[in-house]
Structure formats: structure tokens, C-alpha cells
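# The sequence and its predicted three-dimensional model are supplied below.
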Amino acid sequence: MKKYLGPLSKDNPILVQLLGICSALAVTAQLKPAVVMALSVTVVCAFSNFVISLIRNTIPPRIRIIVQLLIVSFLVIIVDQFLQAFVYDISKMLSVFVGLIITNCIIMGRLEAFALSHAPVPSFFDGIFNGLGYGLVLTVVAICRELLGSGTLWNYPIIPASFYEHGYMNNGLMILPPMALILVGVLIWMRNSKLKQVK
Amino acid sequence: MELANIFVRSIFIDNMIFAYFLGMCSYLAVSKNVKTAFGLGVAVCFVLIITMPVNYLINKYLLQSGALKWISADWVNVDLSFLTLIIFIAVIAAIVQLLEMVIERFSVSLYQALGIFLPLIAVNCAILGGSLFMQEKNFPDVTHSFVYALGSGIGWMLAIVAFAAIRDRLKYSDIPKPLQGNGIAYIITGLMGIGFMAFLGI
Amino acid sequence: MKNFSNKYIFLYITALVVIIAGLLSVVSIALKPRQMQNQEIEKAQQILQAAGYDQIAKEDALPLFSKIAAPLESSTQREMYTIQCADGTQGTVIFVDGKGLWGKIWGYVVLADDFNTIKGAVFSHKSETPGLGANITEKKFADSFIGKKIYDSNGKFVSIKILQKAKSGGGVEDANRVDAISGATITSNGVQEMLYKSIKEVEK
């Protein structure tokens, strides 16, 4: 069990391995799309790990990247179609970024590093926990940005109206894309200094 | 005129890295020094300007709803757009693999310079993202998509080379220990992004 | 690791592609009706919202829409409807579309029977930045168009100008302007452009 929990903090894919940042940052201006994105990535990561691990002995090594990409994009299209059919509002919010899950390095990274050399079931869990580790960072960044940038969480107003009457202003800078990068930088900083104390 | 507009826009305003965060993974991993950064930049540029026009043609004559009417009028209603992602990525992966073989065959020195980056590029979000944005932008012909690809590629290269240069200087600066390495890299990219936002007004 | 022959590789990839394409077509065809219906419902909901009907549930949107609205034949290609607004008056719905920062933006504008005063508006987008440009979908922004006019006091067609709050109008009358979304200049300009071009097409 313990070896699966690594991605949540010690081996966090975003904070430590620097993977999957591309799509992570663009969807974190609000909490809701961030959570949906995290769930989609978790699902795709888990199932692609599972499938690749199942057929790992039949894949010719020379074309393994193409095979992996095909399987991943297959799963992504399925997720995309389901989002469009059942949670239409949210699928609109994510738009192109659902497609970019395909090139999310976390998924490719886990396929290369884990699924190609492990049995299907452990690969499946590895995928789930890596997806969750990714989701954790996304959620934290999204909470900071939505709360400070728009004064809401999950679209519900959090900052009371009386604050605004006394001159409180939403920090517009928080919504701008570069702030996501700076927040992740700060998260890494916090995590590193905490780990050092534990040691 | 419009082409020049697309070109400048895609370099500065719609910069792949600072505006869309595409291709961040290799951007952070391969920016330790200016020379390798430049190599990767050239490789990305190269792959972009080949894959994007190809994907443009595929999208126009194969995937869009109603695109198949050049085969037969009965096929007007065939909509293959749900296959977009899988075809784009297959084209990209195939072209990257092809390029690798061609370069290896014809120029050993070029292969040594670019070769190690090529497998990285197949999974570079900037390439797929470029094709997807291109599809969304609905360019009228191949030339537009070529110019857009060239601009995006140069923009990406500019960003990674600039970032590598800054990182070079960072070695001599006094950064709090826990912030060193990745932490400061993210923050610098963020600050550079804010800088690039100034171009938005153009 | 085993060595694979070229023939094996070739067959492998072909089989894989065929299987995947087959499965995808099945999923896509199975889900298509639901997706189309979602789009229909969304469109009906948006037009109803622009016409002043608040909080129409998903199930009720289509029946209500077909009851009170009818497509309007016009010489232009533009999609238009006549609709009975929530306050009982007749209005004209005009479909507007244009380009934002990242991709398509579109919406519906409801004009009162004087073909001048805006009774309501609603906007949508494909991929504007969440929290910035995406805010054009918010009711607050759409509602700021209510009561605005597309002609100025001299009867000249000016559409609606979208300007930053702080900037003075520069000769634009109050009835012809609304406040832009701060931080989303390009999207705001896109909306302004979209309104001008689309309404110009049907303006008499």
C-alpha cells in the first residue's frame, strides 16, 4: 500500500517529477474545471496503465510510443464523448484541454516507468494514485486562485459582501495564467522546506 | 498582411509557453543550458512546421463534418471529427519517427544534435496543442497554417532559450535553499509570462 | 526482449488501429443523440434566458421554446427567431457570432419591437480563459446590455460599444455602451466586434 501513496506527496508528479504541468495550469482559475480535469486524468491514467500492462508483452518495442499514444488517445476520446453527453456544461469549460490529456507527460511517464514492467492490477492502482497526486496540486492551486481572484469557491461567493463595501478588492492578478506558475513554485518551496525539517 | 499578423501574434501574444503553458515538461527539463535548449527549440520548430500543414490537410479533407464530399456527394453527411485527436497524434508520432530515421540516414551530425530530442517531441503538448488550436482557428488555406506553425515554433524556441539563459545566471544568485531548482524555475516562468502579457495590447 | 519481425509490427499496428477506430465509432454513434440533444437544450435555454425567462429547468426548455418562439425568415443567412418575452411583449432574437481571444464566441440578442432597444442578451464561448474572458457567460455581464440601444440619438447604427469602466466614452452615448470585463480586453473587443458585424447584417 505504502508504495502507491508516494505520488501524493513524496513523489508528487507535478511538484517533484515536473510532469503534466501543461494542462494543469490552464484549468486552475476555478475549482470546478480543475476537479473535473483531475478526475479525467485519473481515469485515463488508471485505465491506460491497465491496458498497456495487459498487452505489454505483445508490443514491439520499436513502435511502443505510437501504441501508447493510440491507447491513451482512445481513452481520452471516450472520456471526452462521455463528458459531452452527460456533463455538457463542464465539457465546454475544458474544451481543448481534454484533448491535451493525451500528451500529459504524467500518463506517458507512468506507462514507460511502471506499466511496461508491472502486472495489470498494480499498474491500475499506480495510475489512480498518480492521478490523485496530480489532482491534489490542481485543487490546491485552484482553491487559492478562485478564492483570492474571484472571491468564490465552486462558484459560490465566499467573501462576504460587507468586505467589498469596506474596500476589499478581488486580486485580479490571481486569475491571470502566470500566477498559476508562481503558486506552484511556492508550493514546491513549502514542500521542500517541510521535508527538510522532517529529515 | 494577414500572414504577417498571424506570424507576430503566434510568436509574442499567443506564445505557446507563456499564454497556453504548452510544452512545459520538456521546457523545464531541457533548459539547463542555452545550447541544448536551442537544439530542442529547433527540433520543436521543425516538427511543428511539418506536422501542422499535414494535419491541416487531413482535417480539411478527411475529418471535418462534410469534408468527404470530394469523394462523392453522398458522403456529405459523414462526420469523422470524433477521430480528430487520435489521427492528429498518430500523424505526429509517425512523422517524428520518420524524421528520426531520415535524419539518422542522411546527416550524422544533425542526428547527434537533434536525435535525443526527437522522441521527447512526440509527447510535447506544444505540437498536439498547435494542431488543435489550428483546427479551432479555421484557417482558410495551408499557407496560413504553415505560417502559424512557424510562428508558434519560433515563439516556443524564443521562450526556452531565454529561460535557459536566465537559468544560467541563476547559478550565481543566492536563492533560499528549498526554493532552488524547480521552485524558482516555476516562479521565473510565471514572471516571464507576466512580462509577455504586455504584448497583449498590440 | 523478443525480436519482432516487420510483418508482425505492421499487422499489430493495423489491427490496433482497426479495433480502436471500430470501438470509437460505436461509442460516438451511441452517444451522438444525447450530445445533440444537449446542444439543442442549451440553445433553447440560452434564448429563453435572453428573453427574460429565469431558471428554466433542462426538461422544460425545449417544450417552452417551441411553444413561444418561431424561426424568422429573413433575407440574410443569419439565424433569427420571434419570441414572446417573459413580460408578454414580442421580441426578435438575433444569433450573433464572432471570435474571442482563443476561439469562437457566440450569443443571442433579443431586441424589442422597435428594433432598437435590447431586451436581453446571452453569450457563450468555446475556449475563453476561465475566470476572465469566460465571464462573458455570466448573467451580470449579459444583463448589463438590457435597455441599451443599437442606434444613437441621431438614429445612426452604432451597435453596442464595450469600454473599460475608467475610460470616458469618447463621444459614445451612455445608451450605446456597457462596461468591459476587466482583464479580458481581447474577449471584450471580440464581443463588441461580434455584435457590430452580426447585427449590421440584419439591420434595416
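In hand now; what should we look at?

# Quick check: what element follows the longest helix along chain C along the chain?
Ordering each helix of chain C by length in residues (DSSP state H) puts helix C:6-50 first. Per DSSP states H and E, helix C:6-50 leads on to helix C:58-68 as the next helix or strand towards the C-terminus.

# what's the helix or strand that that following helix is followed by in contact with?
Along the chain past helix C:58-68, the next helix or strand (assigned with DSSP H and E) turns out to be strand C:69-71. If you take Cβ atoms under 8 Å, 6 or more residues apart in numbering or on different chains as the criterion, strand C:69-71 is touched by C:47, C:51, C:79, C:80, C:81, C:82, C:83, C:84, C:93. Placement of C-beta: from N, CA and C, glycine included.

# And the longest helix of chain C, what does it pack against?
Counting by 3 or more Cβ pairs under 8 Å, 6 or more residues apart in numbering or on different chains; DSSP states H and E, the packing neighbours recorded for helix C:6-50 are helix A:64-86, helix A:88-94, helix B:84-106, helix C:58-68, strand C:104-111, strand C:118-125, helix C:139-143.

# list the helices and strands the last one packs on?
In terms of contact count using 3+ Cβ pairs under 8 Å, 6+ apart, helix C:139-143 is assigned the packing partners helix C:6-50, strand C:118-125.

# winner for burial among the ones you listed?
Using mean count of other Cβ atoms under 10 Å in any protein chain shown, the stretch among these with the largest mean neighbour count is strand C:118-125, at a mean of 24.

# Quick one: mean pLDDT over that strand.
Summarised as a single mean, pLDDT over strand C:118-125 is 89.

# Mind listing the strands that strand pairs with, and their directions?
For strand C:118-125, the paired strands and their directions (DSSP bridges) are strand C:104-111 (antiparallel).

# Say whether chain A is contacted by whichever strand in chain C runs longest.
When every strand of chain C is counted residue by residue (DSSP state E), the longest turns out to be strand C:90-99. No - using Cβ under 8 Å from any Cβ of the partner chain, we find that strand C:90-99 stays clear of chain A, coming within 14.7 Å at best.

# Below-threshold pLDDT in chain B: ranges please.
Per-residue confidence of chain B (counting by pLDDT under 70) places the weak regions at B:1, B:67, B:114-116, B:200-202.

# all strands for it, in order.
Along chain B, counting by DSSP E, no stretch forms strands.

# any idea where the helices of it begin and end?
B:2-8, B:24-29, B:34-58, B:84-106, B:108-114, B:118-122, B:125-137, B:142-170, B:182-197.

# Tell me which of those sits most buried.
A comparison of the helices of chain B by mean neighbour count, using mean count of other Cβ under 10 Å, puts helix B:125-137 on top with a mean of 25.

# Which residues does it contact?
For helix B:125-137, with Cβ under 8 Å, 6+ apart as the criterion, the contacting residues are A:22-23, A:96, A:99-100, A:102-105, B:14, B:16-17, B:20, B:22-25, B:44, B:47-48, B:51-52, B:55-56, B:59, B:84, B:88-89, B:92, B:121, B:145, B:148-149, B:152, B:156, C:102-104, C:126-127.

# hey, C-alpha coordinates of it in CSV?
As requested, the backbone C-alpha atoms of helix B:125-137 are provided in CSV (Å, rounded to 0.1, in the frame of the first residue of the first chain):
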residue,chain,number,x,y,z
CYS,B,125,2.0,19.2,-25.8
ALA,B,126,3.0,22.1,-27.9
ILE,B,127,2.9,20.0,-31.0
LEU,B,128,-0.5,18.5,-30.5
GLY,B,129,-1.8,21.7,-28.9
GLY,B,130,-0.6,23.6,-32.0
SER,B,131,-2.6,21.3,-34.3
LEU,B,132,-5.7,21.6,-32.1
PHE,B,133,-5.6,25.4,-32.0
MET,B,134,-5.0,25.4,-35.7
GLN,B,135,-8.2,23.4,-36.1
GLU,B,136,-10.1,25.8,-33.9
LYS,B,137,-8.8,28.8,-35.7
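
# I'd like to check the angle between it and helix B:84-106, please.
With axes from the mean of the first three to the mean of the last three Cα atoms, to 10 degrees applied, the angle from helix B:125-137 to helix B:84-106 works out at 130 degrees.

# quick one on the thing from earlier: taking strand C:118-125 as reference, get the angle to the longest strand of chain C.
Relative orientation of strand C:90-99 versus strand C:118-125 (the same axes, to 10 degrees): 30 degrees.

# and strand C:90-99, C-alpha only, in CSV?
Output for strand C:90-99, consisting of C-alpha atoms alone and laid out as CSV, is shown next (Å, rounded to 0.1, in the frame of the first residue of the first chain):
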residue,chain,number,x,y,z
GLN,C,90,-42.8,40.3,-28.7
GLY,C,91,-39.1,40.4,-29.4
THR,C,92,-36.7,39.4,-32.1
VAL,C,93,-33.9,37.0,-31.3
ILE,C,94,-30.7,37.5,-33.3
PHE,C,95,-28.0,35.0,-33.3
VAL,C,96,-24.6,36.7,-33.1
ASP,C,97,-21.2,35.1,-33.6
GLY,C,98,-17.6,36.1,-33.7
LYS,C,99,-14.1,35.5,-32.5
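
# Now do the buried residues in that strand.
Of the residues in strand C:90-99, those with enough neighbours to count as buried (16 or more other Cβ atoms under 10 Å in any protein chain shown) are C:91, C:92, C:93, C:94, C:95, C:96, C:98, C:99.

# Show me what the longest helix seen in chain A is packed up against.
Using DSSP H to assign secondary structure, the helix with the most residues in chain A is helix A:120-150. Helices and strands touching helix A:120-150, as assessed by 3+ Cβ pairs under 8 Å, 6+ apart, comprise helix A:2-5, helix A:21-26, helix A:31-54, helix A:105-113, strand A:152-153, helix A:177-198.

# Do any residues in the longest one lie close to chain B?
No - counting by Cβ under 8 Å from any Cβ, chain B has no neighbours in helix A:31-54; the shortest distance is 11.9 Å.
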